[in-house]
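> sequence isn't available, so here's the structure alone:
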Ligand code: BES
Ligand code: MN
Ligand code: ZN
């Protein structure tokens, strides 16, 4: 990963670095507290550049006489809607991307209308970090200055200073934001990593490193899963020479008797489709079929990093869906840990089989307040929602509402789709209790969710289908990476807003 800038906080009028970034409001106006000469320069340049201070528009002035810095970058913040948490991430990302090549960048966090709160200043910093993320582990020649328009990895500032009204408060707020950004980047790393490097065993080992953050990590191997009768998960794994793992993470940030919240992730390190093999085109993207699990791991890292006052469980089912003489066949019948029998009519509908046992185990062992699972579960969710919303399915309206609100705040948006008896009928089995596909293409994401619901046993539960948002979504101001880390900020917000003890 590219070296990220060091984040510092200073007083508003501390001397700037090589580049000074200031924020503009409506009409391109900048704060009145800025020196008159600087304000005049901007007032003169803005109309020439047709800069009107619109949100994330920039005005770049090189070697202006009015400031000591080599460059002055004005970033617009004006929009009709009130600024959201995500808008500040975008602001930080934009500032970083436009200040390539400078060693020291200072962002003056002040609006024409008044101060930027410590929390929002911290988000600007987090946005810059997230923008700077680049998975360049396997590039033997690192990107150089100006080589690629959008790539800032090679020449990021060594120091990014946020000039703020209250540096102490902003520094404190940044501790939280930094933990969440670190969790997001961990999730991105895991998803970007290819499957030859990250098999179930290696992945479990990576998760064990979280013990350093105070997370309890327990790893179940094949024999333990056999003893637990997790035959749905094991059936998926049997076509791969690489053994499966079930990893249980525990962050105990609240009182011991506090009921935990739980997060469960699909961790298919590579999905060939199995005997119902996938077409060759873009199959490489199936190295990201563990995006749900990566979000869970990243979230646990974030909660531990910010010492969240919550008891949280994270469970990930790690398997490879491969093709082999020993692979599971279409028509095979397996008995899940819950006792439900499943006809495997399509071996490419494997994620639900992995989650069936992981979800059942989670509620059976931990009796959580709720379970949220994340999975790159269906191509159909991309057909329905594209790359901008994850699919949300839930048996609990209150939980669904909270997730939707967390999505709006964080910018990791979710859209609820229905569950119901009619759809449940579509997965009734011919030879077993249920089958692992619905009727053809109709309602493909819903029948998948309906399948999962069979294994949650009345616990408040939500399923997030992140096939369209975990990877390959269009890059934005604070993400240029193939893997987005989707889910970490969303669920961190959910926990922070509703499930922490005070
Ligand atoms: N991992 C895929 C879903 C997927 C597709 C994720 C595209 C990311 C991008 C999943 O295991 C799968 O293959 N689903 C099948 C289900 C079908 C066989 C019922 C699908 O979506 O085609
Ligand atoms: Mn599949
Ligand atoms: Zn899959």
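Alright, I've got the coordinates. Just so it is clear, the model here is predicted, and its values are computed rather than measured. Numbering: from 1, shown residues only. Ligands and ions are numbered 1, 2, ... in the order given.

> number of nearby residues for residue 422?
11 (other CB atoms under 10 Å). No exception for glycine: its C-beta is placed from N, CA and C like everyone else's.

> can you report phi and psi for residue 119?
Per-residue torsions, residue 119: phi -60, psi -40 (degrees, to the nearest 10).

> and it, how far from ligand 3?
37 Å (CB to the ion, to the nearest Å).

> and for that residue, the neighbour number?
With other CB under 10 Å as criterion, residue 119 counts 16.

> can you pull the contacts of the residue lying closest to residue 298 once chain neighbours are set aside?
Nearest non-adjacent residue to residue 298, counting by CB to CB, 6 or more residues apart in numbering: residue 187, 3.2 Å away. Contacts for residue 187 (CB atoms under 8 Å, 6 or more residues apart in numbering) come out as 291, 294, 295, 297, 298, 299, 483, 485, 486, 487, 488.

> tell me the strands in the stretch 151-300 of the chain, going along the chain?
Assigned by DSSP state E, counting those that start in this stretch, the strands in the stretch 151-300 of the chain fall at 159-164, 216-220, 245-252, 261-271.

> closest one to ligand 2 among those strands?
Set against ligand 2 and scored by CB to the ion, the strands of the stretch 151-300 of the chain come closest in strand 261-271, at 4.4 Å.

> is ligand 3 within reach of the closest one?
Yes: Strand 261-271 is in contact with ligand 3 by CB under 5 Å from the ion, via 268, 271.

> parallel or antiparallel, which strands does that strand pair with?
The sheet places strand 261-271 alongside strand 311-321 (parallel), strand 371-375 (parallel), with pairing taken from DSSP bridges.

> and of the contacts of residue 187, the nearest to ligand 1?
Checking those against ligand 1 with CB to the nearest ligand atom, the nearest one is residue 291 at 7.9 Å.

> and the residue of the stretch 301-450 of the chain found nearest ligand 3, how far is that from residue 298?
For the stretch 301-450 of the chain, the residue closest to ligand 3 is residue 351, as judged by CB to the ion, at 4.4 Å. Distance from residue 351 to residue 298, counting by CB to CB, to the nearest Å: 18 Å.

> ditto for residue 363
23 Å.

> which of these two has more neighbours?
residue 298 (31 against 20).

> which residues sit against the lowest-mean-pLDDT helix or strand in the chain?
Ranked by mean pLDDT, DSSP states H and E, the helix or strand of the chain with the weakest confidence is strand 114-115, at a mean of 88. For strand 114-115, the surrounding residues in contact (CB under 8 Å, 6+ apart) are 109, 165.

> please repeat the previous calculation with a cut-off of 10 Å.
Here strand 114-115 makes contact (CB atoms under 10 Å, 6 or more residues apart in numbering) with 12, 25, 31, 109, 121, 164, 165, 166.

> who in the chain is up against ligand 2?
271, 348, 350.

> between the two ends of stretch 298-314, how far is it?
10 Å (CA to CA, to the nearest Å).

> for the stretch 51-200 of the chain, give me the ranges with low pLDDT.
Filtered on pLDDT under 70, the stretch 51-200 of the chain yields the residue ranges 142-154.

> in the stretch 201-350 of the chain, what residue is nearest ligand 2?
residue 348 (3.8 Å).

> so that residue makes contact with residue 274?
Yes: the pair residue 348 / residue 274 is scored as a contact, 6.2 Å apart, by CB atoms under 10 Å.

> compare the two (neighbour count), which wins?
residue 274 (27 against 19).

> show me the contacts for that one.
Residue 274 touches 235-236, 238-240, 320-324, 327-330, 344, 346-350, counting by CB under 10 Å, 6+ apart.

> state the distance from it to residue 331.
12 Å.

> what sits in contact with each of these two?
With CB under 10 Å, 6+ apart, residue 274 and residue 331 have common neighbours 344, 347.

> could you count how many residues lie near residue 229?
Neighbour tally, residue 229, other CB under 10 Å: 15.

> tell me how many other residues crowd residue 478.
That count, for residue 478 with other CB under 10 Å as the rule, works out to 28.

> any idea of the angle the helix with the most length in the chain forms with strand 261-271?
In the chain, assigned by DSSP state H, the helix with the most residues is helix 167-192. With axes from the mean of the first three to the mean of the last three CA atoms, to 10 degrees defining the directions, helix 167-192 sits at 40 degrees from strand 261-271.

> show me where the stretch 351-500 of the chain has strands.
Using DSSP E, counting those that start in this stretch, strands in the stretch 351-500 of the chain cover 371-375, 390-394, 414-416, 434-435, 461-465.

> in the stretch 301-450 of the chain, what residue is nearest ligand 1?
Closest point on the stretch 301-450 of the chain to ligand 1, by CB to the nearest ligand atom, is residue 379, at 3.4 Å.

> re the thing from before, tabulate the strands of the stretch 351-500 of the chain (a markdown table), appending mean pLDDT and mean neighbour count.
Listed next are those as a markdown table, based on pLDDT from 0 to 100; neighbours: other CB atoms under 10 Å:
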| stretch | mean pLDDT | mean neighbour count |
| --- | --- | --- |
| strand 371-375 | 99 | 30 |
| strand 390-394 | 99 | 25 |
| strand 414-416 | 99 | 19 |
| strand 434-435 | 98 | 20 |
| strand 461-465 | 99 | 29 |
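
> need those strands in TSV with distance to residue 267, can you?
Formatted as TSV, the strands of the stretch 351-500 of the chain follow (distance: least, CB to CB, whole Å):
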stretch	distance to residue 267
strand 371-375	9
strand 390-394	17
strand 414-416	21
strand 434-435	22
strand 461-465	15
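
> what residues does this structure put near ligand 3?
So the chain meets ligand 3 at 268, 271, 289, 351 (CB under 5 Å from the ion).

> just to revisit the earlier point, identify the contacts common to residue 348 and residue 274.
The contact lists of residue 348 and residue 274 share 321, 330, where a contact means CB under 10 Å, 6+ apart.

> could you measure from the nearest residue to residue 70 once chain neighbours are set aside over to residue 476?
Leaving aside its sequence neighbours, residue 70 sits nearest to residue 18 (CB to CB, 6+ apart; 5.0 Å). Here residue 18 is placed at a distance of 26 Å from residue 476 (CB to CB).

> try residue 352
Per CB to CB, residue 352 is found 30 Å from residue 476.

> how about residue 414?
For residue 414 relative to residue 476 (CB to CB), the value is 17 Å.

> again with residue 258
36 Å.

> please apply the same query to residue 353.
Distance from residue 353 to residue 476, by CB to CB: 33 Å.

> more neighbours, the two?
Higher neighbour count among residue 353 and residue 476: residue 353, with 30 against 15, using other CB under 10 Å.
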